[in-house]
Structures are given as C-alpha cells and as structure tokens.
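Peer 1: Give me a 3D structure for the following:
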Amino acid sequence: MAKIKHDIWNNPEDLPMLCFSDELGAESRTLLEPNSKIIHSFYAESHFEAMTIYYEYMNWGVYETEFEVDREPYNLDDIKKRNANNGYKS
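Peer 2: Numbers count the residues shown, from 1 in each chain. Here you go, the predicted model:
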C-alpha cells in the first residue's frame, strides 16, 4: 500500500482544490489560479481516505461514495504511468 501525500489548495476566491503533492500532482496543479496557497497537507492510502480527510478538514460533513474502487489502496505504479502518458514526470 502506498501512502501518498496530498495538498489542499485555496485560491484567492476562497475555492479549495485537493491534489497529490510533488510530481504526482503536477498535472492537477496546472488548474490552480495564480496566488493559490496550500492550506493543509496529509497522507492517505486511497481516494476514499483522502476525500474523507478533505471533507473533515473543510467541515463539509461525511464523504460518501457508491464506487467500491474508491476504497481500494492507491497503486503508485498506475498513477506514475498515467502521469507519464500525460507528459508529466513522477
């Protein structure tokens, strides 16, 4: 199981975004507005765990999903391959 670091970013309009940290989140961070800032970082082993922590941090209530795949542990090799296929190094 891979514990992957995540960052919660906030832009000047107070709109948050969650993405992987470091090279794994390079593609996602291209969507950030100028002057966005990291407001919280944490580690998670699955999409479900990451979203649960994100929801708790933002005080949005309980995160729910109908997709069992969201609960499966991250596959770091698959994430790196997907990034490489999209032109991002990781």
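
Peer 1: Just give the nearest non-adjacent residue to the residue nearest the centre of the chain, would you?
Peer 2: In the chain, the centroid-proximal residue (C-alpha atoms, centre = their mean) is residue 19; its distance is 2.8 Å. Distances taken as C-beta to C-beta, 6 or more residues apart in numbering place residue 28 nearest to residue 19, at 3.6 Å, with adjacent residues excluded. Where C-beta positions appear, they are placed from N, C-alpha and C, glycine not excepted.

Peer 1: cool, residue 42 as well?
Peer 2: By the measure of C-beta to C-beta, 6+ apart, the closest residue to residue 42 outside its immediate chain neighbours is residue 53, 5.3 Å from it.

Peer 1: wait, that neighbour sits on residue 44?
Peer 2: Yes: between residue 53 and residue 44 there is a contact at 6.0 Å, judged by C-beta atoms under 8 Å.

Peer 1: Show me where the chain has its helices.
Peer 2: 26-29, 47-58, 76-85 (DSSP state H).

Peer 1: which helices and strands sit right next to the longest one?
Peer 2: Spelled out, that is helix 47-58. Contacts defined by 3 or more C-beta pairs under 8 Å, 6 or more residues apart in numbering; DSSP states H and E place helix 47-58 against strand 4-10, strand 16-20, strand 37-44.

Peer 1: What about residue 64? Give its phi and psi, please.
Peer 2: When read as degrees, to the nearest 10, the backbone of residue 64 gives phi -130, psi 150.

Peer 1: can you count the residues close to it?
Peer 2: A count of nearby residues for residue 64, using other C-beta atoms under 10 Å, gives 10.

Peer 1: So, low pLDDT: which residues of the chain?
Peer 2: Residue ranges of the chain with pLDDT under 70: 1, 85-90.

Peer 1: Quick one: residues contacting residue 36.
Peer 2: Applying C-beta atoms under 8 Å, 6 or more residues apart in numbering to residue 36 gives the contacts 9-12, 17.

Peer 1: Mind doing that once more with 10 Å?
Peer 2: Counting by C-beta atoms under 10 Å, 6 or more residues apart in numbering, residue 36 touches 9-13, 15-17, 29.
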